[in-house]
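[1] With the input below, show me the fold.
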Amino acid sequence: MEHDRDPDVEPTDPPEAALLGPAQVRELADRLGLRPTKHWGQNFVIDKGTVRRIVRAAGVGPEDVVLEVGPGLGSLTLALLPQVRHVTALEIDPALATQLPQTVADVAPDLADRLTVRHTDALRVTELPDPQPTALVANLPYNVAVPVVLHLLATVPTLRSVLVMVQLEVAERLAARPGSKVYGVPSVKAAWYADVTGAGRIGRHVFWPAPNVDSGLVRMVRREPPPSVATRQQVFAVVDAAFAQRRKTLRAALAGWAGSAAQAEAHLTSAGVDPRARGEVLTVADFTRIADAAAGQDPGAAG
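    Next up, the predicted model:
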């Protein structure tokens, strides 16, 4: 698919020989006896233009320390290493975690000291080795993309930006605005941490094996969360409750969370939110005010 490739190669792009194409990806996989698994959501990028496009969209530079989740065989890693100070890669597959440093040493030996690989589940990470990452750049497994992004934003305070490739539907949900049909829990929770925008569409044929759907790029720029007396957990509890029954009015949807429909209405009114509205029209600031109202009237009620 021609539109998936970016033919404009900037002077700072890594040379062709330092990137993995379809033949090299399959050769590496054969050498490892690897067959991509659905369990770990493995779809490897085989198009050099696509990894260049991701790096450029990420806007990372010589001072950045990049956190990469699911580096796989190293296609994106090799595109990142020439552009940034360091890459810390988290890989759950033990064979891939072992192979990646060797691949970089073989293909780009001068950059091998810029790479740290950890064999771990990104969802279980609580701390990372120095240098601390400033940017998350990753081709994320479809089945865990949202939990991984939210967990790392919560866990790694030094992250200033995010550029991830995810299933197109997930990308659209993350970047959705209030009132959109796909606006929901991921949209609000991502907006708590960052300004979120879509950054382009990627066709399925840049992967091996090709998934059944297209992918999308999502860019996030960290900002301060809305001012609040409630905790993030309390705000997120309101969000979860509002969208658990998204067809209902907020008065009804938040009844279980608040203790009763009448109490939910009191919190909503105090927050300046129409009790007859639905969660899909509220901003993250609206949800925060509702949690604040509950925390102020009955501390802990939103937790």
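
[2] Report the central residue of this structure.
    residue 149 (3.5 Å; C-alpha atoms, centre = their mean).

[3] give the contact list for it.
    136, 140, 162, 164, 174, 190, 220 (C-beta atoms under 8 Å, 6 or more residues apart in numbering). For every residue, glycine as well, the C-beta is placed using N, CA and C.

[4] got a pLDDT number for residue 131?
    Listed pLDDT for residue 131 reads 96.

[5] What are the phi and psi values at the spatially most distant residue from the centre of the chain?
    No residue in the chain sits farther from the centre than residue 262, which is 37.2 Å out by C-alpha atoms, centre = their mean. Main-chain torsions, residue 262, degrees, to the nearest 10: phi -60, psi -40.

[6] Quick one: neighbours of the nearest residue to residue 208 once chain neighbours are set aside, just the number.
    Spatially, and ignoring its direct neighbours in sequence, residue 208 is nearest to residue 46 (4.8 Å; C-beta to C-beta, 6 or more residues apart in numbering). Look at residue 46: counted by other C-beta atoms under 10 Å, it has 22 neighbours.

[7] surely residue 46 meets residue 19?
    No: with contact defined as C-beta atoms under 8 Å, residue 46 does not reach residue 19; the gap is 10.3 Å.

[8] Find the residues that touch each one of the two.
    By C-beta under 8 Å, 6+ apart, the residues touching both residue 46 and residue 19 are residue 75.

[9] And the one helix or strand residue 31 maps to, what does it pack against?
    Using DSSP states H and E, residue 31 maps to helix 22-32. If contacts are counted by 3 or more C-beta pairs under 8 Å, 6 or more residues apart in numbering; DSSP states H and E, helix 22-32 sits against helix 94-107, strand 207-208.

[10] Partner strands of whatever helix or strand comes next after that helix and their direction?
    Counting by DSSP H and E, the element after helix 22-32 in chain order, helix or strand, is strand 44-45. If you go by DSSP bridges, strand 44-45 pairs up with strand 207-208 (antiparallel).

[11] Is residue 292 in contact with residue 226, as I believe?
    No: with contact defined as C-beta under 8 Å, residue 292 does not count as touching residue 226 (9.2 Å).

[12] could I get stretch 125-143 in PDB with only the CA atoms?
    Extracted in PDB, the C-alpha atoms of stretch 125-143 (Å, rounded to 0.1, in the frame of the first residue of the first chain):
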ATOM      1  CA  VAL A 125       6.700  -2.100  35.700                       C
ATOM      2  CA  THR A 126       7.000   0.100  38.800                       C
ATOM      3  CA  GLU A 127      10.400   1.600  38.200                       C
ATOM      4  CA  LEU A 128      12.900   1.900  35.300                       C
ATOM      5  CA  PRO A 129      16.600   2.000  35.100                       C
ATOM      6  CA  ASP A 130      18.400   5.300  34.500                       C
ATOM      7  CA  PRO A 131      18.400   7.400  32.500                       C
ATOM      8  CA  GLN A 132      14.700   8.000  33.100                       C
ATOM      9  CA  PRO A 133      12.600   8.200  29.900                       C
ATOM     10  CA  THR A 134      11.300  11.400  28.500                       C
ATOM     11  CA  ALA A 135       9.200   9.800  25.700                       C
ATOM     12  CA  LEU A 136       7.200   6.700  25.100                       C
ATOM     13  CA  VAL A 137       7.400   5.500  21.400                       C
ATOM     14  CA  ALA A 138       6.000   2.100  20.600                       C
ATOM     15  CA  ASN A 139       4.100  -0.200  18.300                       C
ATOM     16  CA  LEU A 140       1.800  -1.500  21.000                       C
ATOM     17  CA  PRO A 141       0.100  -4.900  21.100                       C
ATOM     18  CA  TYR A 142      -3.500  -4.300  20.300                       C
ATOM     19  CA  ASN A 143      -4.900  -6.300  23.300                       C
END
